[in-house]
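Visitor: my questions concern the predicted model and sequence given below.
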2 protein chains.
Amino acid sequence: MLKIVLLGSGNVATHLFQAFRNVSVAKVVQVYGRNSSALESFGKETDITMSPKKIKDADIYIIAVTDHSITEISSVLLEKKGLVAHTSGSVTLNSIRAENKGVFYPLQTFSEGKKMDFKSIPILIEAETEGHYQLLHVLGNHISNEVHRVSSEQRKKLHLAAVFVNNFPNHLFHIAHQICQRENIAFELLLPLISETVDKIRFLSPKASQTGPGRRNDVDTMQDHLEQLENPLQKKIYHVLSESIKKTYEKEL
Amino acid sequence: MLKIVLLGSGNVATHLFQAFRNVSVAKVVQVYGRNSSALESFGKETDITMSPKKIKDADIYIIAVTDHSITEISSVLLEKKGLVAHTSGSVTLNSIRAENKGVFYPLQTFSEGKKMDFKSIPILIEAETEGHYQLLHVLGNHISNEVHRVSSEQRKKLHLAAVFVNNFPNHLFHIAHQICQRENIAFELLLPLISETVDKIRFLSPKASQTGPGRRNDVDTMQDHLEQLENPLQKKIYHVLSESIKKTYEKEL
């Protein structure tokens, strides 16, 4: 059985803990954290500690903390023999201060209190030796059907792409939400359209899926939309995205 | 039975035709269009014509053509007594040249060859008289569970919001697709994240769902991302969306 120590007590740590709960080949033998109240929720099911000196020996240490704390947290594992893997999309492998380094990056957005099926979440792994790759592969395969080796450079680019498919669209949903609120319209009216937007790209490429005034270079509608927007930043967003859409399709018009 | 004449032979006309196919209370008695090959596909199931003079008498004429052709097409119905409704999000009711005017706007993006369940698609209706409202309501209720009266002003704002939740996110998916292609990464790795992005806002508001470097004001990561982008328009998009996210949450940091 693979012994795992989780370092961190936030959303990623919680979701990983839940995923490992049903796996017989691996066991989270301890959670280390610095937030006592967040740690407590793990305490019913496994050992918890706030003391670096009390960290148990394990086969794999998984660091699930904010990016800028990874190096610092990893340094408490300097003396450990196990593999130390972080879970970040944008931090290099070498940011880890430990003898055996790896990356175990679940490409997903995790929310508090919302369970999810780990099986479909891509886990992107990186390691320095073939043996460590195998170890992370075995571990990943027990919780996901999508374990992939990617290089640091590819992981960095995927993290950038993730901002474009998650953070930015979500903010655009927020702007639409504000537009609806101002007019006393239920934002929920837009949910079927949002679902179809995402459904569509399973069948068609995003490039082929594009519709709307920008794609048709419908100048009147775009002008009208810009006049309806009051917030200068929202105007800028509308303008630059429309320009980019126009440029993508201009040869076709 | 309500007799319907459809004017137009594109995606919206096709999807509406399919939706009405299973409704006993309404029947598409004719499709009028100006594209003979597109018209043919309707010809197996109903009467088709390309001649304005041969347009049949009907209770409701539904105009499903591009926005800038609505006025022109409606003028062929000047002598008709039935209700003439267009299906556009952004065109006013008064753009219709006919005695009895209405709007029957399905708030959805339609693709060729991709069937969809009309039942969950909001149909936003507008009319000048209570009787015509009732007529559009009855018709809409037969194909959708979401028929709502909205004013011209609200419909205009919903159309603007639709650009923010459909056209713009889709273009961001395209940019992510390009980033993946350049690095030889399968875009499909991002699909679970995209699904969760949309799933999440059924439980949390988009404002509460926001994550990422912009929300945390993680300047280093944003700088690093900007340096990775080569296309100047993509840099601009990254910059302005990040600014807007930062501004939305700055009081919380």
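Guide: Yes, it's here. Numbers count the residues shown, from 1 in each chain, chains lettered A, B, ... in the order given.

Visitor: give me the neighbour count for residue A:168.
Guide: A count of nearby residues for residue A:168, using other C-beta atoms under 10 Å in any protein chain shown, gives 29. For glycine as for every other residue, the C-beta is placed from the backbone atoms N, C-alpha and C.

Visitor: what helix or strand does it sit in?
Guide: helix A:168-182 (DSSP states H and E).

Visitor: and for residue A:102?
Guide: Element membership of residue A:102 [criterion: DSSP H and E] is strand A:100-106.

Visitor: quick revisit: which helices and strands does the helix or strand just after the helix holding residue A:168 pack with?
Guide: Later in the chain than helix A:168-182, the nearest helix or strand by DSSP H and E is helix A:191-200. Judged by 3 or more C-beta pairs under 8 Å, 6 or more residues apart in numbering or on different chains; DSSP states H and E, helix A:191-200 is in contact with helix B:168-182, helix B:191-200.

Visitor: pull helix A:191-200 out as PDB, backbone CA atoms only.
Guide: Taking Å, rounded to 0.1, in the frame of the first residue of the first chain, the C-alpha atoms of helix A:191-200 are listed here in PDB:
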ATOM      1  CA  LEU A 191     -28.100  29.000 -18.800                       C
ATOM      2  CA  PRO A 192     -29.400  26.800 -21.700                       C
ATOM      3  CA  LEU A 193     -27.300  29.000 -24.100                       C
ATOM      4  CA  ILE A 194     -24.200  28.600 -21.900                       C
ATOM      5  CA  SER A 195     -24.700  24.800 -21.800                       C
ATOM      6  CA  GLU A 196     -25.000  24.700 -25.500                       C
ATOM      7  CA  THR A 197     -21.900  26.800 -26.000                       C
ATOM      8  CA  VAL A 198     -19.900  24.200 -24.200                       C
ATOM      9  CA  ASP A 199     -21.800  21.200 -25.700                       C
ATOM     10  CA  LYS A 200     -21.100  22.400 -29.200                       C
END
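
Visitor: find the least confident helix or strand in chain A, judged by mean pLDDT.
Guide: helix A:213-216 (a mean of 93; mean pLDDT, DSSP states H and E).

Visitor: which SS state does residue A:76 fall under?
Guide: Assigned with DSSP: H, G, I helix; E, B strand; the rest coil, residue A:76 falls in the helix class.

Visitor: give me the neighbour count for it.
Guide: 19.

Visitor: which residue is the nearest non-sequential neighbour of it?
Guide: residue A:52 (3.8 Å; C-beta to C-beta, 6 or more residues apart in numbering or on different chains).

Visitor: now residue A:65
Guide: Using C-beta to C-beta, 6+ apart and skipping the chain neighbours, the partner closest in space to residue A:65 is residue A:8 (4.2 Å).

Visitor: which ones are touching that neighbour?
Guide: A:31-33, A:63-65, A:73 (C-beta atoms under 8 Å, 6 or more residues apart in numbering or on different chains).

Visitor: among the residues you listed, who's most crowded?
Guide: The member of those that has the most neighbours, counting by other C-beta under 10 Å, is residue A:63 with 30 neighbours.

Visitor: measure that residue to chain B for me?
Guide: Going from residue A:63 to chain B by C-beta to the nearest C-beta, to the nearest Å gives 17 Å.

Visitor: what does residue A:146 give?
Guide: Taking C-beta to the nearest C-beta, one finds residue A:146 at 7 Å from chain B.

Visitor: neighbours around that residue, how many?
Guide: Residues near residue A:146, counting by other C-beta under 10 Å: 18.

Visitor: now swap in the one 5 residues further on and tell me
Guide: By other C-beta under 10 Å, the residues close to residue A:151 number 13.

Visitor: check residue A:53 too.
Guide: Look at residue A:53: counted by other C-beta under 10 Å, it has 6 neighbours.

Visitor: measure residue A:17 to chain B for me?
Guide: Taken as C-beta to the nearest C-beta, the span from residue A:17 to chain B is 19 Å.

Visitor: now for that residue: which residues touch it?
Guide: Counted by C-beta under 8 Å, 6+ apart, residue A:17 has contacts A:6, A:28, A:31, A:42, A:45-46.

Visitor: could you rerun that using 6 Å?
Guide: residue A:28 (C-beta atoms under 6 Å, 6 or more residues apart in numbering or on different chains).

Visitor: verify the stated contact: residue A:11 with residue A:108.
Guide: No: Residue A:11 sits out of contact with residue A:108 when judged by C-beta atoms under 6 Å, with a separation of 10.2 Å.

Visitor: neighbour count winner among these two?
Guide: Using other C-beta under 10 Å as the criterion, residue A:11 and residue A:108 rank with residue A:108 on top: 22 against 16.

Visitor: break down the stretch 1-150 of chain A into its strands, ranges please.
Guide: Listed in chain order, the strands of the stretch 1-150 of chain A (DSSP state E, counting those that start in this stretch) span A:2-7, A:26-32, A:47-49, A:60-63, A:83-86, A:100-106, A:123-127, A:147-149.

Visitor: average model confidence for stretch A:136-147?
Guide: When pLDDT is averaged along stretch A:136-147, the result is 96.

Visitor: show me which residues of it are buried.
Guide: For stretch A:136-147, burial by neighbour count (16 or more other C-beta atoms under 10 Å in any protein chain shown) applies to A:136-137, A:139-140, A:142-144, A:146-147.

Visitor: need the contact partners of the helix or strand following the least confident helix or strand of chain A.
Guide: For helix A:213-216, the succeeding helix or strand toward the C-terminus, using DSSP H and E, is helix A:219-228. Here helix A:219-228 makes contact (C-beta under 6 Å, 6+ apart) with A:213, A:235, A:238, A:242, B:90, B:160.

Visitor: now helix A:219-228 and helix A:168-182, what's the angle there?
Guide: Between helix A:219-228 and helix A:168-182, the angle comes out at 70 degrees (axes from the mean of the first three to the mean of the last three C-alpha atoms, to 10 degrees).

Visitor: now do helix A:219-228: distance to the chain's middle.
Guide: 35 Å (C-alpha atoms, centre = their mean, to the nearest Å).

Visitor: pull the CA atoms of it into PDB?
Guide: C-alpha atoms of helix A:219-228 as PDB (Å, rounded to 0.1, in the frame of the first residue of the first chain):
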ATOM      1  CA  VAL A 219     -20.800  46.700 -37.500                       C
ATOM      2  CA  ASP A 220     -24.200  48.200 -36.600                       C
ATOM      3  CA  THR A 221     -25.000  45.600 -34.000                       C
ATOM      4  CA  MET A 222     -21.500  45.900 -32.500                       C
ATOM      5  CA  GLN A 223     -21.800  49.700 -32.300                       C
ATOM      6  CA  ASP A 224     -25.200  49.300 -30.700                       C
ATOM      7  CA  HIS A 225     -23.800  46.900 -28.100                       C
ATOM      8  CA  LEU A 226     -20.900  49.200 -27.300                       C
ATOM      9  CA  GLU A 227     -23.300  52.100 -26.700                       C
ATOM     10  CA  GLN A 228     -25.400  49.900 -24.300                       C
END
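
Visitor: which member of the contacts of residue A:8 is positioned nearest chain B?
Guide: residue A:65 (13.1 Å; C-beta to the nearest C-beta).

Visitor: give me the pLDDT for the closest one.
Guide: pLDDT, residue A:65: 96.

Visitor: ok, residue A:253 next?
Guide: pLDDT for residue A:253: 62.

Visitor: distance of the nearest residue to residue A:26 once chain neighbours are set aside relative to residue B:108?
Guide: Nearest non-adjacent residue to residue A:26, counting by C-beta to C-beta, 6+ apart: residue A:2, 4.2 Å away. The spacing between residue A:2 and residue B:108, counted by C-beta to C-beta, to the nearest Å, is 48 Å.
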